[in-house]
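Trainee: the following comprises the amino acid sequence and a computationally predicted model.
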Amino acid sequence: MARPTSPAAGEALRTEQHVSAAAPSARAASTAWAARSVWLILGAALLAVPFLDTRLWPLAWLGLLPLFALAPRAATLRHAATDGLLTGFVVNVIGFHWLVTTIHVFGAFPLPLAVAFFAVLSLYASLPFVLVAVALRWAG
């Protein structure tokens, strides 16, 4: 490798090396977050399926496993809260999707507004999952 001729060129070279060294770790973190998200979404789907057909109630117990396994291992409390928010939101969207029709038809709201109301309600209803995930992370 050629030696830089000026201090600015040397700094640019160090910055370039630092960025190229950081790129794999950012990619790895992104891949890890994607894998966590897939497990949390699958768990949330298992947790919500009994709302659609009550004969499938045992799946709800399996649906809690990804949140209970991943939240204590989250890097920070914020990551654990995000895990809980994702799980709770997906559970509410799958389990209570019929509320969009109820808000739209019986509330006489336009469909986009009904979907917006439902999204806000689903975020609010996911707060217990956030609290559980944060408590699991805090307890270790």
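Mentor: Thanks, I have it.

Trainee: C-alpha only now, for contacts and for neighbours.
Mentor: Fine.

Trainee: just the helices in the chain please.
Mentor: For the chain, helices defined by DSSP state H occupy the ranges 7-52, 58-63, 65-70, 77-95, 98-105, 111-125, 127-139.

Trainee: in a markdown table: those, plus mean pLDDT.
Mentor: Shown next, in a markdown table, are those (pLDDT from 0 to 100):
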| stretch | mean pLDDT |
| --- | --- |
| helix 7-52 | 75 |
| helix 58-63 | 93 |
| helix 65-70 | 96 |
| helix 77-95 | 96 |
| helix 98-105 | 96 |
| helix 111-125 | 97 |
| helix 127-139 | 97 |
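
Trainee: residues near the spatially closest residue to residue 60 that is not a sequence neighbour, how many?
Mentor: Counting by Cα to Cα, 6 or more residues apart in numbering, residue 60 lies nearest to residue 47, which is 4.0 Å off, once chain neighbours are set aside. Around residue 47 there are 27 other residues, counting by other Cα atoms under 10 Å.

Trainee: what of residue 49?
Mentor: 20.

Trainee: for the one 10 residues further on, same thing?
Mentor: Applying other Cα under 10 Å, we find 17 other residues in the vicinity of residue 59.

Trainee: residue 97: what's it in contact with?
Mentor: With contacts defined as Cα atoms under 8 Å, 6 or more residues apart in numbering, residue 97 has no neighbours.

Trainee: roughly how far does it sit from residue 43?
Mentor: According to Cα to Cα, to the nearest Å, residue 97 stands 17 Å off from residue 43.

Trainee: and residue 113, by the same measure?
Mentor: Using Cα to Cα, residue 113 is found at 29 Å from residue 43.
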